[in-house]
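> coords please:
(one chain, ligands or ions: 2)
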Amino acid sequence: MDIDGKILRPHGPTASGRVREYHLGRKRRMFQITTFCPDKIGPGPTHVYLIEDEALILVDTGLPTDIAKNIFYYWRNQHIPPEIESLPADYSEQELLSGLKLAGHNVEDIDFLVITHGHPDHYLLGRRIVGLSGAKVAAHVSDSHQICNPWGIVKLWVERRPALMAMGMPPPRQGGRTQPTMKPETTDLSLRIDCPIAFDGRLSLNGFEKDNVCVRHYAGHSPGGISILLYDDDGREAVMLCGDTLLYPITPHPDDLVAYLRTLKNMKRLENVALVLPAHGKAISRLRERLDFLEKHHEHRLRLTYEACKNPHSIWQIATMPRYFDVVVDPAKFNPLAGQEAFVHVELLQLAGALHRSHVDGGVHYFLNSGEKFEDVYERVQNIVDEEDTTILLRR
Ligand SMILES: [Fe+2]
Ligand SMILES: [Fe+2]
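Ligands and ions are numbered 1, 2, ... in the order given. You can find the predicted model right below:
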């Protein structure tokens with residue numbers, strides 16, 4: 001199995017634009033094309049993958065650069081660095097198109113576009129790619145509410161905001177220093193899903209179906225997250241394209257921590273995965289080690305969350321505690337992902353009966369722990385995660 005690949009083009013000043021070639025067995029090749037997405041304030045450049053097989057398959061598309069500026073900076077009223085502000089609106093699109101050329105293909109050659117999950121940095125350039133190529137789109141049905149919805153972005157914006165305020169997060173300041181180029185309510189970048197993915201097994205794309213191209217549903221980072229397993233010629237070893245379900249060195253933010261911890265547990269059953277290629281950051285060559293690390297990481301965050309609530313704490317107070325995150329989270333800034341990360345830990349501890357809401361003050365909710373030893377609480381958390389039928393009627 002080709003673990004290191006070969007760099008065809010190094011990355012540029014925005015840490016994106018790189019093209020890497022991998023060999024999947026004797027005949028098939030795959031290319032990793034890295035496209036611009038902000039780091040520090042975002043997850044960093046998005047890797048998309050081009051699989052050469054009997055069909056040409058693009059996995060994810062990245063994010064249009066004008067949308068990146070709007071989502072990460074204007075709509076959150078964050079300072080936009082001049083080097084990002086000056087990027088052309090189609091910067092990431094050009095990185096992708098020139099990367100395809102370097103791989104020996106034109107965008108029109110793409111037969112299928114497979115979306116790993118319905119987050120903006122993975123599918124929002126899809127409409128443009130479908131327009132240029134006529135590619136058929138495949139995605140898991142559990143993320144269709146986001147991917148197919150013309151109001152998907154503004155829906156998130158409208159529905160999440162009251163919850164973020166209840167967490168105690170300061171509201172975004174009104175009137176940023178620069179003007180947005182588009183409004184979320186009029187930005188329709190939805191896609192039609194031509195090949196819905198509902199079950200694990202061979203990836204079925206309008207007639208393209210092979211034993212060595214498989215799909216698995218791994219919820220938790222988003223409801224409809226999928227991983228694609230590409231087996232070598234003998235079917236012995238696989239490369240796994242996991243979207244954001246596993247990342248390295250950063251850790252993915254769970255949308256649902258119970259589902260995510262179950263996914264980590266289920267992934268331990270995977271055998272013969274030689275290489276995991278995530279959608280951001282570095283490759284993972286030791287899958288089991290990364291799964292163990294991520295489990296410990298969430299155990300640690302559950303402990304910090306539980307212990308903080310010895311005295312009433314809001315979710316935003318937890319998120320901005322020193323050392324809760326590896327990076328400093330500015331308590332005065334609007335940071336939805338940091339709030340969401342602390343929230344899912346509070347949610348799971350509540351489900352385990354270890355936290356309860358002590359009071360609401362000014363619309364902000366405060367939580368208090370049960371006073372037990374964390375070890376006893378964590379045992380209950382593990383039971384919830386292990387016994388999949390325990391939560392089926394209680395949640396969602
Ligand atoms: Fe992502
Ligand atoms: Fe994501």
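> CA atoms for contacts and neighbours, from now on please.
Fine.
> tell me, what residue is most central in the protein?
The centre of the chain sits closest to residue 244, judged by CA atoms, centre = their mean, with a distance of 3.7 Å.
> which helices and strands does the strand or helix carrying residue 345 pack with?
If you go by DSSP states H and E, residue 345 is part of helix 336-351. Using 3 or more CA pairs under 8 Å, 6 or more residues apart in numbering; DSSP states H and E as the contact test, the elements touching helix 336-351 are helix 152-166, helix 257-267, helix 287-308, helix 315-319, strand 355-361, helix 374-386.
> Get me the contact residues on the stretch 201-350 of the chain for ligand 2.
Counting by CA under 5 Å from the ion, the stretch 201-350 of the chain comes close to ligand 2 at residue 244.
> if you set the cut-off to 8 Å instead, what comes out?
The stretch 201-350 of the chain comes close to ligand 2 at residues 221-222, 243-245, 252-253, as judged by CA under 8 Å from the ion.
> Could you tell me the end-to-end distance of stretch 76-86?
19 Å (CA to CA, to the nearest Å).
> Can you give me the buried ones in that stretch?
76-78, 80, 84 (16 or more other CA atoms under 10 Å).
> is it true that residue 257 touches residue 345?
Yes: applying CA atoms under 8 Å, one finds residue 257 in contact with residue 345, separated by 7.0 Å.
> Quick check, the residue in the stretch 151-300 of the chain closest to ligand 2?
residue 244 (5.0 Å; CA to the ion).
> domain ranges for this structure?
Domain segmentation of the chain under automatic domain parsing yields 6-287, 294-391.
> and the ones you listed, which is most packed in?
When neighbours are counted by mean count of other CA atoms under 10 Å, the highest per-stretch mean among the domains of the chain falls to domain 6-287, a mean of 19.
> now that one: mean pLDDT?
On average, the pLDDT along domain 6-287 is 93.
> Tell me which residues touch the residue in the stretch 1-150 of the chain that ligand 2 sits nearest to, please.
Proximity of the stretch 1-150 of the chain to ligand 2 (CA to the ion) peaks at residue 119, 5.0 Å away. Residues near residue 119 by CA atoms under 8 Å, 6 or more residues apart in numbering: 146, 222.
> Next, work out how far apart it and residue 317 are.
26 Å.
> Then residue 120?
Per CA to CA, residue 120 is found 27 Å from residue 317.
> which bits of the stretch 1-150 of the chain sit near ligand 2?
117-122.
> circling back: can you tell me which of the buried residues of stretch 76-86 are in helices?
Counting by DSSP state H, the part of the buried residues of stretch 76-86 found in helices is residue 84.
> Which one of the buried residues of stretch 76-86 is nearest to residue 23?
Closest approach to residue 23 among the buried residues of stretch 76-86 (CA to CA): residue 84, at 33.8 Å.
> Who are the contact partners of residue 324?
301, 304, 318.
> Distance to residue 292 and pLDDT for these - can I get that in CSV?
Shown next, in CSV, are the contacts of residue 324 (distance: CA to CA, whole Å; pLDDT from 0 to 100):
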residue, distance to residue 292, pLDDT
301, 14, 97
304, 19, 97
318, 24, 97
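> any idea which of the residues you listed is closest to ligand 2?
For these, the nearest to ligand 2 is residue 301 (19.8 Å; CA to the ion).
> mind listing what the closest one touches?
Counted by CA under 8 Å, 6+ apart, residue 301 has contacts 324, 345.
> let's go with 6 Å and repeat that
For residue 301, no residue meets the contact criterion (CA atoms under 6 Å, 6 or more residues apart in numbering).
> Roughly how far does it sit from residue 349?
11 Å.
> shared neighbours of those two, which are they?
By CA under 6 Å, 6+ apart, no residue touches both residue 301 and residue 349.
> Excluding chain neighbours, what is closest to residue 216?
residue 200 (4.7 Å; CA to CA, 6 or more residues apart in numbering).
> Residue 232 too?
Per CA to CA, 6+ apart, closest to residue 232 is residue 25, 4.9 Å.
> repeat for residue 65
residue 89 (5.2 Å).
> Wait, a strand at the one you found?
No: in this structure, residue 89 is coil, not part of a strand, as judged by DSSP: H, G, I helix; E, B strand; the rest coil.
> pretty sure it contacts residue 67?
No: counting by CA atoms under 6 Å, residue 89 does not reach residue 67; the two are 8.2 Å apart.
> follow-up on the earlier one: can I get the residues of the stretch 1-150 of the chain next to ligand 2 in JSON lines including distance to residue 275?
Below are those laid out as JSON lines (distance: CA to CA, whole Å):
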{"residue": "117", "distance to residue 275": "20"}
{"residue": "118", "distance to residue 275": "23"}
{"residue": "119", "distance to residue 275": "23"}
{"residue": "120", "distance to residue 275": "25"}
{"residue": "121", "distance to residue 275": "23"}
{"residue": "122", "distance to residue 275": "21"}
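> From the residues you listed, which land in helices?
Reading helices off those with DSSP H, I get 120-122.
> Can you tell me which of those is closest to residue 181?
Once CA to CA is applied, the member of these that ends up nearest residue 181 is residue 120, at 16.8 Å.
> Torsion angles phi and psi at the closest residue to that closest one other than its chain neighbours?
Leaving aside its sequence neighbours, residue 120 sits nearest to residue 63 (CA to CA, 6+ apart; 6.5 Å). Main-chain torsions, residue 63, degrees, to the nearest 10: phi -130, psi 130.
> hmm, back to that, correct me, but the residue nearest to residue 232 touches residue 233?
Yes: contact between residue 25 and residue 233 holds when scored by CA under 6 Å: they sit 5.3 Å apart.
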